[in-house]
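>>> Let's see this in three dimensions:
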Amino acid sequence: MGKPTGFKEYTRELPTRRPVELRVLDWEEIYQEFPEDKLRAQGARCMDCGIPFCHQGCPLGNIIPEWNDLIYKNRWHDALEMLFKTNNFPEFTGRVCPAPCEEACVLNINEKPVTIKLIEQSIIDHAFANGWITPRPPERRTGKKVAVIGSGPAGLAAAAQLNKAGHQVTVFERADRVGGLLMYGIPNFKLDKKVVDRRIQLMEQEGITFKTNANVGFNVKVEDLRRDFDAIILCGGATQARELNVPGRELSGVYTAMTYLTQQNKRNLGDGIQTQEVIDAKDKHVIILGGGDTGADCLGTAVRQGCKSVKQYELLPRPPESRTNEMPWPYWPMIFRTSSAHEEANKLAGAEIRDFAINTKSFSGENNVVKKLHAIRLEWGKDAGGRYQMKEIPGSEFTLDCDLCLLAMGFVSPEHSGPIDHLGLKKDARGNVQVDPNTYMTSLDGVFAAGDMRRGQSLIVWAISEGRCAAHAVDKYLMGYSELPFLKLF
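Okay, here's the model as predicted:
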């Protein structure tokens, strides 16, 4: 490494967030620019640790120490090429990935880890700003045609890799815009949609065809795709939301998180809402059920819409502040984390807006509109077999004003109606599409699956990895061999 003692000389430093009072007034990304000299110093913190566990922590196998060192040495072009060896879309992962690589950083054993995610985003943003990112169409075409169903991160990665191999790729997206979760699931303050559009335009210039409003299994017949394409990859995601089956769930004002987030993203893109029921948190008492990233996205959105109050409840107990013996380094730790949205809501409320070990029992309302949430506190403990069990605490029932409740409790599986049922594909015990672990092929020859549709709800970085691996498998299926990389992590 260029600076062997860098990790001793420099401390971890991140970009400054725009002031809460200002950033909640718009939908722009929240971080301010980070000086280049400081970024290079952050690259110098990479340790030349011998065994770079960050590789293991990253589902893409990003060659992290090398591009950290290249940034320290001011070799931006070389860092970009090193980054592109493993990641098609660093502008996405650099913004919204939770950075498991940083948790696996050797420096993280007893110090703060290297700012891997920041350096990754800075490399690609620097490249775009300097005009280095241009279309790279394949030099030859194979004559093979592949249909990719779903344009989220897995579908885009599969399409990009297969196009690179020379196949003619068509991506079918049921929504009116390309991008899936990237376009409609993630708020602008985390991922500006201009960043997504910029990548889609590049992919089109490289020869990939995108078809929107194309709902395979409904207005696009699966049989037609089987006839017209040499292979199909299903990348539709795990979009079946976990439901809350309690009395009052049917009341107006209780919605799934994605219904809510999609509406606001459409508004930010200038669309009118084509429904009679517009979801808006303005001047409302909002309760978010679910403590993960999607819940935080709802939180930041509700704050920007001008909610009167907001609370976020989680069924599970409050996580510890730091690692425990049950989650040792280098594994991803389930610890208490505060996102930018939590920072905003806490500051505006003047108190912590999260609470844990809460079970919602019912909703009540007036004129078919929700007005109250009824809940009870839980006690968590282990049974004789060591499994965690929850028990309601007698007398801990409480009721809160609730004009808008957002269900951000995760996703259970892909939606089965559509290509999964139409093709009669086998599913695993969790309802995901079952594939051969070595070929990503489903129970039907020539039909493959990748991303959350195959492995269940997961991270964007996993979806990109899945798309790349499936592309290798499809290329090999079509050509008998493949030069596309294949990093099998499952």
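>>> Which helix runs longest in this protein?
Scanning the chain for the helix with the most residues, using DSSP state H, yields helix 460-479.
>>> and it, average pLDDT?
On average, the pLDDT along helix 460-479 is 97.
>>> Likewise for stretch 418-435?
96.
>>> likewise stretch 28-43?
Here stretch 28-43 scores 96 as its mean pLDDT.
>>> Packing partners of the longest helix of the chain?
For helix 460-479, the packing partners by 3 or more C-beta pairs under 8 Å, 6 or more residues apart in numbering; DSSP states H and E come out as helix 90-96, helix 153-164, strand 231-234, strand 447-449, helix 452-455. Any C-beta I mention is one placed from the backbone N, CA and C, and that applies to glycine too.
>>> will you turn the ones you listed into a markdown table that also has distance to Leu404?
Output for these, formatted as a markdown table (distance: least, C-beta to C-beta, whole Å):
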| stretch | distance to Leu404 |
| --- | --- |
| helix 90-96 | 25 |
| helix 153-164 | 29 |
| strand 231-234 | 34 |
| strand 447-449 | 35 |
| helix 452-455 | 27 |
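>>> Could you dump those into TSV with mean pLDDT, mean neighbour count and distance to Ile123 added?
TSV is the format used below for the helices and strands packed on helix 460-479 (pLDDT from 0 to 100; neighbours: other C-beta atoms under 10 Å; distance: least, C-beta to C-beta, whole Å):
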stretch	mean pLDDT	mean neighbour count	distance to Ile123
helix 90-96	98	24	7
helix 153-164	98	28	18
strand 231-234	98	28	28
strand 447-449	98	26	31
helix 452-455	96	27	27
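>>> Can you list the buried residues in the longest helix of the chain?
460-478 (16 or more other C-beta atoms under 10 Å).
>>> circling back: out of the helices and strands packed on helix 460-479, the one nearest Asp197 is which?
Asp197 lies closest, by C-beta to C-beta, to one member of the helices and strands packed on helix 460-479: helix 90-96, at 11.4 Å.
>>> Now find how far off-centre the closest one is within its chain.
10 Å (C-alpha atoms, centre = their mean, to the nearest Å).
>>> Who are the packing partners of that helix?
Counting contacts by 3+ C-beta pairs under 8 Å, 6+ apart, helix 90-96 is packed against helix 116-129, helix 193-205, helix 460-479.
>>> now do 6 Å
Counting contacts by 3 or more C-beta pairs under 6 Å, 6 or more residues apart in numbering; DSSP states H and E, helix 90-96 is packed against helix 116-129.
>>> quick one: the helix it packs on to helix 193-205, angle?
Comparing the axes of helix 116-129 and helix 193-205 via axes from the mean of the first three to the mean of the last three C-alpha atoms, to 10 degrees yields an angle of 60 degrees.
>>> Can you tell me the closest non-neighbouring residue to Asn219?
Nearest non-adjacent residue to Asn219, counting by C-beta to C-beta, 6 or more residues apart in numbering: Asn213, 7.5 Å away.
>>> Can you tell me the SS state at the one you found?
On the three-state scheme (DSSP: H, G, I helix; E, B strand; the rest coil), Asn213 is labelled coil.
>>> got the contact list for stretch 397-415?
236, 238-242, 244, 253-254, 256-257, 260, 281, 284-290, 294-295, 298, 370, 372-374, 376, 431-432, 453, 457 (C-beta atoms under 6 Å, 6 or more residues apart in numbering).
>>> Now it: buried residues?
Buried-residue list, stretch 397-415, by 16+ other C-beta under 10 Å: 402-409, 411-415.
>>> same check, this time on stretch 67-80
Here stretch 67-80 shows 67-73, 76, 79-80 as buried, counting by 16+ other C-beta under 10 Å.
>>> Ala302 touches Ala281, doesn't it?
Yes - between Ala302 and Ala281 a contact is recorded at 4.0 Å, counting by C-beta atoms under 6 Å.
>>> In terms of neighbours, single out the busier of those two.
Ala302 (27 against 24; other C-beta atoms under 10 Å).
>>> Which element, helix or strand, includes the more buried one?
Ala302 is part of helix 293-305 when elements are defined by DSSP states H and E.
>>> Can you list the helices and strands that the helix or strand just after that helix packs against?
Using DSSP H and E, the helix or strand that follows helix 293-305 in sequence is strand 309-314. Applying 3+ C-beta pairs under 6 Å, 6+ apart, we find strand 309-314 packed against strand 285-289, helix 293-305, strand 354-356.
>>> ok, now with 8 Å
Packing partners of strand 309-314 (3+ C-beta pairs under 8 Å, 6+ apart): strand 285-289, helix 293-305, helix 340-349, strand 354-356, strand 358-366.
>>> Out of those, flag the one nearest Leu316.
Closest among these, using C-beta to C-beta: strand 354-356, at 6.6 Å.
>>> Describe which strands the closest one pairs with in its sheet and in which direction.
Its sheet considered, strand 354-356 pairs with strand 309-314 (parallel) by DSSP bridges.
>>> Tabulate the CA atom coordinates of the partner strand in CSV.
Coordinates of each C-alpha in strand 309-314 appear next as CSV, following Å, rounded to 0.1, in the frame of the first residue of the first chain:
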residue,chain,number,x,y,z
SER,A,309,-46.1,13.7,14.6
VAL,A,310,-44.4,10.4,13.7
LYS,A,311,-43.5,7.2,15.6
GLN,A,312,-41.7,4.1,14.4
TYR,A,313,-42.4,0.8,16.1
GLU,A,314,-40.6,-2.5,15.8
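>>> Just give me how far it sits from the chain centre.
Distance, stretch centre to chain centre, for strand 309-314: 22 Å (C-alpha atoms, centre = their mean).
>>> With stretch 437-449 instead?
24 Å.
>>> buried stuff in that stretch?
Buried, per 16+ other C-beta under 10 Å, within stretch 437-449: 440-442, 447-449.
>>> Which members of these are the farthest-apart pair?
Pairwise over the buried residues of stretch 437-449, using C-beta to C-beta, the maximum falls at Tyr440 and Val447, 9.9 Å.
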